[in-house]
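Undergrad: Sequence and predicted structure, then a few things I'm wondering about:
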Amino acid sequence: MSADDFRRHAHALADFIADYHERIVREAPVLSAVAPGEVMGQLPSHAPESGESWDDILGDVGDRILPALTHWQSPNFFGYFPANASYPAMLAEFLCAGLGVQGMLWQTSPACTELEQRVLDWLAHAIGLPEAFTFRPEASGPASGGSGGTSGGSRGGGTSGQSSGGGGVIQGTASEATLVAMVSARARARGQLGDDARLIAYTSEQAHSSVMKAAMIAGIGRDNLRLIPTDSALAMDPDALRSRIEADLRSGLRPFFLCATLGTTSTGAFDPVDALGSIAQEHAMWHHIDAAWAGSAAICPEHRGWMCGVERADSFCFNPHKWLLTNFDCSAYWTRDRAALLDALSITPEYLRNQASDAGAVVDYRDWQIPLGRRFRAIKLWFVMRHYGLEGLRAHIRRHIALAEQFERWVRADDRFEIAQPRSLSLVTFRLRADDDANRRLLNALNDTGKLFLTHTVVPTIASPQTPRFVLRLAIGSTHTAHEHVERAWECIRAETDRIQR
Ligand SMILES: Cc1ncc(COP(=O)(O)O)c(C=O)c1O
């Protein structure tokens, strides 16, 4: 493809993407109607020997791929948690591919590393994370007074070398962040306790499955991860944690890692990180906080009360790719203890050595993550934060929370329904006052309409604190979701309820 062809196709592709977004805002369905294997069946079993025309390739995207997509960016997508997107972040993805940078070392692209350091500091300040998690303590000057661009704003100092203090890094996912936290904790614990200690990790029964996966990958093992019971709000019970740690200590085991969740996947519950942090400190455990979804809301000062105690954590993670207008993948991870992270992950073969790294003057992000290679993802956050500004990002979060409040009022006003657990930010959990089977049928009927997409969970509810119930979740977070979409979702829920109860 020549540069001129590229220019032409890139313009056409931008139109294609903009048209796609306009269409999914106007039109349902959210889910694809294809059967398993149908897409594969339409694709040749071998790659073409001769190159094909660009028109044919793009034509197939329209004919074979789009019909088989779940439209995550549809304003009627209310399932799981969102994986939102925005035009500035899409342009950044395009630029990232265009520059083709691989930023494993500072030397392999200084801007890739230093921009990431700077935007992670910006983001830490924006969500109220303490200075200890940043590269540049406030004492050495203001973070950045202005746009961060070429005009205005004070400039920061040096790059902060590798080995001590805090700082942030972009991981692909919150699952990788939890794994990185766990192996950092393991390195620190092994340094203090030796290799023979049997290390025990703790999280709540409501924690995301990625914590268990991290224990499996890190060699801690399923049996050595304790799932601590939760209270009636489905938040980790500190007394239960304390009792379990004491029992483990009596058996000669060594607590080393605690993962608290701010905004659990099922219901958006918040673990009491203040109380949990004290327990972690008492037992010299690494305290990681997984705020994968809810962390975005902390950009609004009125929505960060639950961050109280975060200053005692060792690491913190949230996903701008869920709810902060930044396309997947972008998971922000901060630690206040770089030394433990480097202990766990740093390894320097001869072929990666270079003067800047050897001098300890730079951050080499290969030492902060599982893979060696890395994309220039910081450019996404940089574009998003500069395009919207913190005020724009706050408005985005506030708009979704206001929509969820409205939806919650509608549910409460219809006595066929009950709120399952208190609304958490933009997540509403609700159910029919009926058995689980009726709720399951309602969910399937709703998703079959194609007009919206919801998912479910099974948890204890306000009305049924002892017995877990099938619960519908409405998670608002798609960039295009507006009042009319939530209103239509509620109309659809009422209509389908009428139909299945008839
Ligand atoms: C609380 C929580 N932690 C972790 C994850 C996993 O996120 P990721 O896909 O970024 O690994 C999720 C996903 O929804 C989540 O809700």
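TA: Cool, the structure landed. Bear in mind the structure is a predicted one, so any value in this text is a computation, not a measurement.
Undergrad: Would you map the strands across the chain?
TA: Counting by DSSP state E, the chain has strands at residues 167-171, 199-204, 225-228, 254-261, 286-290, 315-318, 331-335, 417-424, 427-432, 455-459, 469-475.
Undergrad: now those strands as JSON lines including mean pLDDT and mean neighbour count?
TA: The C-beta positions use only the backbone N, C-alpha and C, and glycine is treated the same way. Conversion of those to JSON lines gives the following (pLDDT from 0 to 100; neighbours: other Cβ atoms under 10 Å):
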{"stretch": "strand 167-171", "mean pLDDT": "97", "mean neighbour count": "26"}
{"stretch": "strand 199-204", "mean pLDDT": "98", "mean neighbour count": "26"}
{"stretch": "strand 225-228", "mean pLDDT": "98", "mean neighbour count": "20"}
{"stretch": "strand 254-261", "mean pLDDT": "98", "mean neighbour count": "27"}
{"stretch": "strand 286-290", "mean pLDDT": "98", "mean neighbour count": "27"}
{"stretch": "strand 315-318", "mean pLDDT": "98", "mean neighbour count": "29"}
{"stretch": "strand 331-335", "mean pLDDT": "98", "mean neighbour count": "27"}
{"stretch": "strand 417-424", "mean pLDDT": "98", "mean neighbour count": "21"}
{"stretch": "strand 427-432", "mean pLDDT": "98", "mean neighbour count": "26"}
{"stretch": "strand 455-459", "mean pLDDT": "98", "mean neighbour count": "17"}
{"stretch": "strand 469-475", "mean pLDDT": "98", "mean neighbour count": "23"}
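Undergrad: For those, give me CSV that also has distance to Pro301.
TA: As requested, the strands of the chain are exported to CSV (distance: least, Cβ to Cβ, whole Å):
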stretch, distance to Pro301
strand 167-171, 20
strand 199-204, 26
strand 225-228, 30
strand 254-261, 21
strand 286-290, 18
strand 315-318, 16
strand 331-335, 18
strand 417-424, 18
strand 427-432, 20
strand 455-459, 29
strand 469-475, 23
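Undergrad: what about Trp490, distance to Thr429?
TA: Shown here: Trp490 relative to Thr429, a distance of 15 Å by Cβ to Cβ, to the nearest Å.
Undergrad: Around the ligand, which positions in this structure sit nearby?
TA: The chain comes close to the ligand at residues 81, 173-175, 208, 210, 261, 264-265, 290, 292-293, 319, 331, as judged by Cβ under 6 Å from any ligand atom.
Undergrad: Show me which of the residues you listed is closest to Asp55.
TA: Proximity of these to Asp55, judged by Cβ to Cβ, is greatest for Thr173, which lies at 35.4 Å.
Undergrad: I figured the closest one was touching Cys330, is that so?
TA: No - shown here, Thr173 and Cys330 do not form a contact pair, counting by Cβ atoms under 8 Å, at 9.3 Å.
Undergrad: give me phi/psi at the most centrally placed residue in the chain?
TA: Central residue of the chain (Cα atoms, centre = their mean): Asn319, 2.7 Å from the mean position. The phi/psi pair for Asn319 (degrees, to the nearest 10) reads phi -110, psi 100.
Undergrad: Enumerate every residue touching it.
TA: For Asn319, the residues meeting the contact criterion (Cβ atoms under 8 Å, 6 or more residues apart in numbering) are 173-174, 292-293, 295-296, 330-332.
Undergrad: pLDDT value on it, please?
TA: According to the prediction, Asn319 has pLDDT 98.
Undergrad: contacting residues for the closest residue to Lys213 other than its chain neighbours?
TA: Take Lys213 and drop its neighbours on the chain: the residue closest to it by Cβ to Cβ, 6 or more residues apart in numbering is Ser175, 6.3 Å away. Contact criterion Cβ under 8 Å, 6+ apart gives 208, 210, 213-214 as the residues in contact with Ser175.
Undergrad: Just the buried ones from those, in PyMOL syntax?
TA: Selecting just the buried residues from the contacts of Ser175 in PyMOL takes one command, with 16 or more other Cβ atoms under 10 Å as the test:
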select buried, resi 208+210+214
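Undergrad: ok, so of the contacts of Ser175, who is nearest the ligand?
TA: Sorting these by how near they are to the ligand, with Cβ to the nearest ligand atom, puts His208 at the top with 3.4 Å.
Undergrad: you'd agree the closest one is up against Asp290?
TA: Yes - counting by Cβ under 8 Å, His208 does reach Asp290; the two are 6.5 Å apart.
Undergrad: Need the nearest residue in space to Ala189, chain neighbours excluded.
TA: Distances taken as Cβ to Cβ, 6+ apart put Phe256 closest to Ala189, at 3.8 Å, once the chain neighbours are dropped.
Undergrad: what residues go with each domain of this structure?
TA: Structural domains of the chain, as assigned by automatic domain parsing, span the residue ranges 3-75, 168-349.
Undergrad: what's the first-to-last distance across the last one?
TA: Terminal residues of domain 168-349 are spaced 24 Å apart (Cα to Cα, to the nearest Å).
Undergrad: Repeat that for stretch 228-244.
TA: The straight-line separation of the ends of stretch 228-244 (Cα to Cα) is 8 Å.
Undergrad: contact partners of it?
TA: For stretch 228-244, the external contacting residues (Cβ under 8 Å, 6+ apart) are 202-206, 226, 258, 260-261, 264, 266-267, 269-272, 275-276, 279, 421-422, 459-460, 462, 465.
Undergrad: Give me the buried positions along it.
TA: Neighbour-count burial for stretch 228-244, counted by 16+ other Cβ under 10 Å, picks out 228, 230-231, 233-238, 240-242, 244.
Undergrad: Now, those residues that are in helices?
TA: By the criterion of DSSP state H, membership of the buried residues of stretch 228-244 in helices covers 238, 240-242, 244.
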